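Student: Sequence and predicted structure are below.
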Amino acid sequence: MNYTFKNTEINNKKATDFETKSLLYLIGKRKDSKEVEYVTFDCFNDVSGVNKKSDKIWDVQSKNEKNLSPKKIGKYLFTLFDNYISPFGFKEFIFFCPILKAEYKINEKLNTYGTNNIVEKTLTRIKNGLDIEILRVKG
């Protein structure tokens, strides 16, 4: 299997601090954190966890932006999507960001959730942002 690393970035301090928080979430705050044996930085994504047998990868995209619009969220989900369609055995795709606006969420008290906690209007706008980014990058 061949894999080409296409996305690299040089982080500023604000982004680096947030990547550190996403790392701590990955290795210490999840029910499955004990499965994570290895951690990579800026390899598959901002932070990735790999289990001992290397057959599970937790893919984390972190964005430290206070005012994330649904369209921007969709754009930032592209890297997770690109890894989703790759031949690697990703276990989970995680978007780590500051607390989203209450009106984006069904249950605003939850801090960890999936798309099932995003109101339909916002989810549609997120998908539109992802679609635009897929077309821009993949054609």
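Tutor: That came through fine.
Student: Which secondary structure element of the protein has the lowest mean pLDDT?
Tutor: Lowest on mean pLDDT, DSSP states H and E among the helices and strands of the chain sits helix 13-28, with a mean of 85.
Student: avg pLDDT for whatever helix or strand comes next after that helix?
Tutor: Sequence-wise, the next helix or strand downstream of helix 13-28 (DSSP states H and E) is strand 38-41. Across strand 38-41, the average pLDDT comes to 91.
Student: Which strands or helices does strand 38-41 pack on?
Tutor: Other elements packing on strand 38-41 under the criterion 3 or more C-beta pairs under 8 Å, 6 or more residues apart in numbering; DSSP states H and E are helix 13-28, strand 47-50. Just so you know, the C-beta spots here come from the backbone N, C-alpha and C atoms, and that holds for glycine as well.
Student: redo that, cut-off 7 Å
Tutor: Here strand 38-41 touches strand 47-50, going by 3 or more C-beta pairs under 7 Å, 6 or more residues apart in numbering; DSSP states H and E.
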